[in-house]
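Colleague: need the 3D shape of this:
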Amino acid sequence: MNPLTNTEIILQILLNVGIIVIASKYFGVLVKKIGIPQVAGMIVAGLLLRFIPWFHNFGGTDPNFIYNEANQFISYMSEIGVILIMFSAGLSTNLKSLIKSGPKATAVACCGVFVPLVMGAVMAFCFWGFDGWGTLHFYQCVFIGTIITATSVSISVAVLKEFGKMKTDIGQTIISAAIIDDVIGIIVLTIVLGVSSGKGGYLGIIVKTILFFVTAVIGGFIVYKIFKWYDKRHPHSRRIPIYALGVALIFAYIAENFFDIADITGAYIAGIVLCSLSDASYMEEKVDINSYMFFSPIFFASIGLKTDLSGLDMSLLWFAVAFVIIGCISKIIGCGGISKLMGYSWRESYQIGLGMMVRGEVALIVATKGLSVGLIDSKYFTAVILLIIVSSMLVPILMKRAFKN
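Modeller: Numbering: from 1, shown residues only. As a prediction, the model looks like this:
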């Protein structure tokens, strides 16, 4: 490879990244003005960028070496972006509230994972057929259910704040259950990816998962003590977020390399390990700056770039409609149903179910991991994007009516 070719590749990378960052943030702000999460706008930006010739073959084998290498760089950056997002999610976790959330929130979260998982898998079986247990096709259907287990509570929190319901029993149940829901969802994702990869049976994957969490607890305790000691000696030091980011990347590497656990799980655990430090919010703020300005736009735009709309036909459209319907009602049935059994009124159960219905970046992250291991085709990202948009628009309207009336 001559120096000129290297220079051309670097220049193409600079151009690609510049276009992606500007386009994704512009469309993110644009859709936010009409009440849709910014991530949806960033994905739309990625979809539109597919019309630019050198973006068209994103993730493929472009005959033009320069374009292919530049797009490969963007893929690497998007992987780092998703790790940063999950690390930040871990840092924002209130561990004390999580521990004190009690059996109610835990039960709501468990049903909020189990019911969508089952209903999503059954829906996929109805569309794709059933050819036996333990086949790749079986795990692909189960993975469809795994995608809709995730909850994004940010919009629900905004509605709860508006009506002054944040500190009520309903509000605290929704928030705590959403946090536990994501933890359980990550564990389910870990098991599904591990078993489907053929790197071991159910028992082997469960053993590896247990060993990973045991290692994470022991290693996390040591890391926490070191950071706590350092935090007292150098409070609010700019070095702390840098060291924390390094720990997150190492946790991600250890999880994937030694335990066959998704790297995002390692990053998420690293965030939870450090979330109780006095400077946790400071670390989260610094990590979010990098994520917000650079890595997140690349990650969400890359989802749009990976989404293949060329195969969009009536069967895929019906699948997307069913996916959205199941994604919405499964949370109401699962979370609302168990809430009713625990003594909440029908109205309160409905409110809890609605509060858990929104999907966001976690669902996209799960779907992206499935794409990387061959459990989902890129054309099905359309259904995931529709679920995020529809649920994000419906929940504020329905929650306001549920609390107002």
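Colleague: how many neighbours does residue 6 have?
Modeller: Counted with other Cβ atoms under 10 Å, residues neighbouring residue 6 total 12. All C-beta spots, glycine's among them, are computed from the backbone N, C-alpha and C.
Colleague: and the helix or strand it falls within, which residues are buried?
Modeller: Counting by DSSP states H and E, the element that carries residue 6 is helix 3-32. Residues of helix 3-32 classed as buried: 8-9, 12-13, 16-17, 19-21, 23-25, 27-28, 31 (neighbour count, 16 or more other Cβ atoms under 10 Å).
Colleague: what of stretch 142-154?
Modeller: 142, 143, 144, 145, 146, 147, 148, 149, 150, 151, 152, 153.
Colleague: name the nearest residue to residue 120, ignoring sequence neighbours.
Modeller: Distances taken as Cβ to Cβ, 6 or more residues apart in numbering place residue 145 nearest to residue 120, at 3.0 Å, with adjacent residues excluded.
Colleague: any idea how far that neighbour lies from residue 373?
Modeller: Separation of residue 145 from residue 373 (Cβ to Cβ, to the nearest Å) stands at 16 Å.
Colleague: now tell me what touches stretch 205-213 from outside.
Modeller: With Cβ atoms under 8 Å, 6 or more residues apart in numbering as the test, stretch 205-213 has contacts from 187, 190-191, 194-195, 199-200, 255, 259-261, 265, 269.
Colleague: and it, which residues are buried?
Modeller: In stretch 205-213, the ones that count as buried by 16+ other Cβ under 10 Å are 205, 208, 209, 212, 213.
Colleague: as a whole number, average confidence for it?
Modeller: The pLDDT scores in stretch 205-213 average 81.
Colleague: what's the answer for stretch 47-65, then?
Modeller: Mean predicted lDDT for stretch 47-65 stands at 64.
Colleague: just stretch 218-234 next, same as before
Modeller: Mean pLDDT, computed over stretch 218-234, is 91.
Colleague: mind listing residues that contact it?
Modeller: So stretch 218-234 is contacted by 240, 243-244, 247, 269-270, 272-274, 276-279 (Cβ under 8 Å, 6+ apart).
Colleague: so who does the closest residue in space to residue 128 that isn't next to it in sequence touch?
Modeller: Of all residues not flanking residue 128 in the chain, residue 141 sits nearest, at 6.2 Å (Cβ to Cβ, 6+ apart). The contact partners of residue 141, by Cβ under 8 Å, 6+ apart, come to 121, 124, 125, 128, 130.
Colleague: of those, just the buried ones, ChimeraX syntax please.
Modeller: Those of these that count as buried under 16+ other Cβ under 10 Å are selected in ChimeraX with:
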select :121,124,125
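Colleague: among the contacts of residue 141, which are located in strands?
Modeller: Judged by DSSP state E, strands contain none of the contacts of residue 141.
Colleague: next, format the contacts of residue 141 as JSON lines and append pLDDT and distance to residue 91.
Modeller: Formatted as JSON lines, these follow (pLDDT from 0 to 100; distance: Cβ to Cβ, whole Å):
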{"residue": "121", "pLDDT": "93", "distance to residue 91": "32"}
{"residue": "124", "pLDDT": "92", "distance to residue 91": "34"}
{"residue": "125", "pLDDT": "92", "distance to residue 91": "38"}
{"residue": "128", "pLDDT": "86", "distance to residue 91": "38"}
{"residue": "130", "pLDDT": "80", "distance to residue 91": "41"}
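Colleague: JSON lines for the contacts of residue 141, including distance to residue 358?
Modeller: Formatted as JSON lines, the contacts of residue 141 follow (distance: Cβ to Cβ, whole Å):
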{"residue": "121", "distance to residue 358": "21"}
{"residue": "124", "distance to residue 358": "22"}
{"residue": "125", "distance to residue 358": "26"}
{"residue": "128", "distance to residue 358": "27"}
{"residue": "130", "distance to residue 358": "30"}
